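Student: Pasting a predicted model and its sequence here:
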Amino acid sequence: REWHGAGKMIGENPYQYDEKIPTKRNLPYGSIAKPARSEADEAVEFRAEKKYLIRVAIGVAAICLCIGFLYHRFSSRKHYTSVSVQEDVAGFDPNKIYRAGTLFSEMTCRLSNRLHAGNIEKYRDNLGQIWGSACGMNRGVFTLDKYPGKTFTCGKLPEDWNCPNGVADLFTPGRDATKDLKYLSDYMGGVFNTTAGIGPASCSFQGVASLYCGEDRTRPWRFAPWTKLLGNKPIRGVNVGGLFVLEPWICPGFTEWGDEIRDQYTYSINSNISIEAKMKAFDEHWSTFYTEEDFKNMRDYGINTARIPVGWWYFAKDAGLDPSPYLIPKQDILDDLTHPISKTIAIADKYGIKVILDLHGAPNSQNGLDNSGIRSMVPDAEKWGDTWFYEEKYQAQTIQILEVMTRYINMLNSKGVNNIIMLELMNEPWVFGDMSIVRNFYVAAITKVRRINSTLPLLVCDAFRHEEWHWLLRQKGFDFRNVYMDTHLYHAFNPSDVASDNPHDDMMKQITASNMACGYGSLLRYKTCSSLPTLTGEWSLAIDDCMKFLTGSTTTANQFQDFGQCKGLKQRNTDQWHDLIKDFAARQRAVFEKELGWVFWAWKVDDVAKKDISAPLWSYSLAVETGYFPQDLNKEADVTLACDHPVDMSTIILPPIQP
């Protein structure tokens with residue numbers, strides 16, 4: 001080994017120097033070399049240096065031990081429970097392939113048991129539409145297990161059904177309605193089983209059939225670990241939107257939104273507002289936007305759950321990350337129950353409201369939307385969220401945040417605030433991203449979270465994607481037990497949903513949305529059976545994107561397109577429109593409550609947004625005041641019957657068709 005500087009090392013003795021290299025050992029700059037000393041002097045100096053270095057080494061070791069003790073002593077308060085890897089995967093076979101969903105071969109399509117001989121006449125309208133749509137499926141051909149080697153069509157049914165004219169003979173006068181119901185169920189099962197690619201619409205049949213995949217996934221809310229906490233009811237919730245992640249359309253009165261200030265990130269970095277003024281604005285917002293009265297009203301209206309969206313920055317410090325430029329409360333989130341997030345959860349608990357804690361904004365944004373904390377200004381929306389998807393460090397940071405959020409939930413539980421029923425791993429990964437990356441992220445995150453809390457129910461978001469989760473959620477040696485799916489079903493953003501430039505088309509759009517809402521029942525059944533029991537974690541009553549700033553406050557990189565959908569909003573102020581929207585609300589809840597339930601977006605908007613004509617379509621509290629939702633959900637008749645029939649067009653007076 002060689003050390004060039006004060007001298008050259010030789011052999012193994014670091015204190016023996018090559019006599020050929022003159023040196024001024026350890027002399028500070030400007031010192032004068034002293035005369036040479038004897039070998040005896042050198043030996044004495046060597047022994048003294050050796051003793052000194054030994055003492056230094058012992059001192060350093062002692063300091064390290066003390067630091068280690070203090071770190072574990074004080075950091076342990078933030079690590080309340082821990083479960084070993086072996087314990088949290090107990091029972092997992094490392095060689096077994098676990099599937100979150102049911103195999104297609106194990107699914108059946110069944111006629112709803114609500115139909116019987118005594119009420120079949122009430123479903124005549126459904127039956128007519130069934131034949132109109134189903135008879136064209138599979139090239140019009142289907143097979144039945146009871147008749148091997150035979151092929152049938154709607155015009156050619158089994159001979160023993162005694163239907164020479166095909167399906168037109170079923171339920172005609174003089175026939176045995178009970179037998180015909182059995183034939184109808186067999187027909188539906190035959191069409192379903194003959195379908196080459198099972199999908200969300202394979203067992204629709206106008207709402208009189210249902211996909212069956214086992215008792216535990218039939219009205220799966222009955223088997224969820226939180227069901228008793230909700231009084232044996234499905235989740236009936238609202239989103240606490242805009243409180244901890246600013247959204248311009250929810251809180252237009254918070255600041256002057258536009259191109260410069262368009263999200264929480266750009267507000268935080270804006271140099272025209274002082275840090276003190278921004279912090280004061282946040283403190284006031286966190287303490288006044290939602291109050292005890294809000295949660296009391298939720299309880300009184302029959303709401304049992306609040307989904308609370310939060311940004312990654314609130315948990316960043318405890319994850320070893322820098323939250324800046326985001327401004328965060330002064331309280332320690334892992335210790336102080338007066339932290340605004342903890343305070344909100346505790347108030348919800350006071351009024352019996354359970355909480356889904358939702359990571360709405362991930363580091364560097366998983367979707368490029370303002371509701372993630374930072375809005376993308378990339379013109380091509382398909383590229384939004386790319387940084388999170390394709391730079392692994394942001395996925396790793398997101399998992400670090402989730403670990404802290406899990407310890408946070410443990411802390412709340414230890415202090416008696418135990419109303420959090422689920423942790424949502426991430427809201428809305430961008431729809432155009434690679435879902436296999438999202439799947440891998442979910443598996444890694446679930447593994448980490450389970451080490452900290454092995455019994456915490458977890459919610460994963462489908463990113464507005466449906467069919468691929470059936471095969472994505474298959475993993476060797478990894479089980480998806482106690483994991484649930486979140487889907488968001490809106491009728492307000494796609495051109496095919498919102499386009500209408502005259503009163504006639506506007507009303508037809510509302511009627512179509514109502515019938516589509518019932519059709520989503522087939523989609524939700526498919527998701528619950530093919531992947532995971534499904535919660536509709538966001539939805540609204542809007543059929544357009546006309547609320548100010550709904551698609552963002554920017555003039556560029558904005559997805560709003562003008563199809564004339566916003567010019568006739570005032571013409572909806574009629575009794576007929578009111579009844580149509582009320583019916584739309586019931587139909588959506590009808591299908592949601594057959595799965596895990598629903599969480600409306602959102603509970604409220606600020607006082608400025610309330611003046612917008614579209615506000616009652618996005619604010620549950622305003623929708624109750626308007627009469628779109630009942631005053632008390634617990635006193636409502638069975639809403640799941642709302643989709644038994646399509647909208648009755650005979651009761652609708654449509655505006656005239658305009659040229």
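Tutor: That came through fine.
Student: For Gly149, see how far away the nearest residue to Lys476 once chain neighbours are set aside is.
Tutor: Spatially, and ignoring its direct neighbours in sequence, Lys476 is nearest to Ile97 (5.2 Å; Cβ to Cβ, 6 or more residues apart in numbering). From N, CA and C alone the C-beta is placed, and that goes for glycine too. Using Cβ to Cβ, to the nearest Å, Ile97 is found at 35 Å from Gly149.
Student: Look at these two and report which has more neighbours.
Tutor: Between Ile97 and Gly149, counted using other Cβ atoms under 10 Å, Ile97 has the larger neighbour count: 10 against 5.
Student: what pLDDT does that one get?
Tutor: pLDDT for Ile97: 89.
Student: if I look at it, how far off is Ser530?
Tutor: 16 Å.
Student: ditto for Lys548
Tutor: Taking Cβ to Cβ, one finds Lys548 at 38 Å from Ser530.
Student: Equivalent analysis for Gln658, please.
Tutor: 43 Å.
Student: Okay, now the sheet partners of the host helix or strand of Asp358, with direction.
Tutor: Per DSSP states H and E, Asp358 falls inside strand 354-361. For strand 354-361, the paired strands and their directions (DSSP bridges) read strand 305-311 (parallel), strand 420-424 (parallel).
Student: Past the shortest one, which element shows up next along the chain?
Tutor: Going back to what we said before, that points to strand 420-424. helix 435-452.
Student: Could you list every helix and strand in contact with that next one?
Tutor: Secondary-structure packing of helix 435-452 (3 or more Cβ pairs under 8 Å, 6 or more residues apart in numbering; DSSP states H and E): helix 85-88, helix 392-414, strand 458-461, helix 469-472.
Student: Pairing partners for whatever helix or strand comes next after the first one, with directions?
Tutor: Read that as helix 85-88. Counting by DSSP H and E, the next helix or strand C-terminal to helix 85-88 is strand 97-99. Strand 97-99 sits in its sheet next to strand 474-476 (antiparallel), going by DSSP bridges.
Student: Which helix or strand lies directly C-terminal to the strand it pairs with?
Tutor: Trace forward from strand 474-476 with DSSP H and E and the next one is strand 483-488.
Student: list the buried ones in the helix or strand just after that next one?
Tutor: Downstream of strand 483-488, the next assigned helix or strand under DSSP H and E is helix 495-498. For helix 495-498, the buried set under the neighbour-count rule, 16 or more other Cβ atoms under 10 Å, comprises Asp497, Val498.
Student: ditto for stretch 111-126
Tutor: Neighbour-count burial for stretch 111-126 [16+ other Cβ under 10 Å]: Leu111, Ser112, Leu115, Ile120, Tyr123, Asn126.
Student: Next one: the fourth one from Leu184, what distance?
Tutor: When Cβ to Cβ is applied, the distance between Ile120 and Leu184 equals 9 Å.
Student: what do you get for the fifth one?
Tutor: Distance check for Tyr123 against Leu184: by Cβ to Cβ, it reads 10 Å.
Student: Please apply the same query to the first one.
Tutor: If you measure Leu111 against Leu184 using Cβ to Cβ, the figure is 6 Å.
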